[in-house]
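**Student:** Fold the following.
(one chain, ligands or ions: 1)
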Amino acid sequence: MPDASPARRTRRKRPAATAAAPEPCITLADYYMGRDRLYADELTQELVANAQRMVARASELLRRAGLRRAVNSGWRPAAVNAAVKNAAKKSRHMLCLAIDIDDDDGALDAWCMAHPDVLEELGLWLEHPSATPRWCHVQIVQYGSWAPGKPRYFYP
Ligand SMILES: [Zn+2]
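**Tutor:** Residues are numbered from 1 along each chain as shown. Sure thing, here's the model as predicted:
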């Protein structure tokens, strides 16, 4: 079988979604908070891949919830995490596996609690709203004791 000829390749249509795709609610730049320049040495390819997945899923979550929100806390290099009051020593934020989204009115937390099916579909776990008074923490890795059938939320 020969490879597809260049002529065939040039005739291939662009994906239909390209033109009409909405702006993502959260960008990689929002997530890095400028730390990709300040801590460039710590930002490995693995972390970049994690951050891309995190941002995509968080944006889809906001789209589903119909909310536009800013990033409260994204990637935390070790030195940054150490300076965050009450941050977990092994915070998922350090590995670009978690995000805190602004949620002053609690509407996003409430929406997440009411839609565990969407969290499951998107591959997200939620820190319980009682632990996140003005923000919403979601992460793309399961919490330690999670197993299928258990809640998508957890207590820190
Ligand atoms: Zn968090």
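**Student:** What segments of this protein are helices?
**Tutor:** Under the criterion DSSP state H, the chain carries helices at the ranges 6-11, 17-20, 28-32, 35-38, 45-65, 78-83, 107-114, 116-122.
**Student:** In this protein, what residue lies closest to the ion?
**Tutor:** Using Cβ to the ion, the closest approach of the chain to the ion is made by His137 at 3.5 Å. All C-beta atoms are positioned from the backbone trio N, CA, C, and that covers glycine.
**Student:** Those residues of this protein touching the ion, which are they?
**Tutor:** Remark: the part of the chain in contact with the ion comprises 98, 100, 137, using Cβ under 5 Å from the ion.
**Student:** now these as CSV including pLDDT and neighbour count?
**Tutor:** Supplementary listing: the residues of the chain next to the ion in CSV, determined by pLDDT from 0 to 100; neighbours: other Cβ atoms under 10 Å:
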residue, pLDDT, neighbour count
Ala98, 98, 25
Asp100, 98, 20
His137, 98, 26
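**Student:** With that, I have no additional questions.
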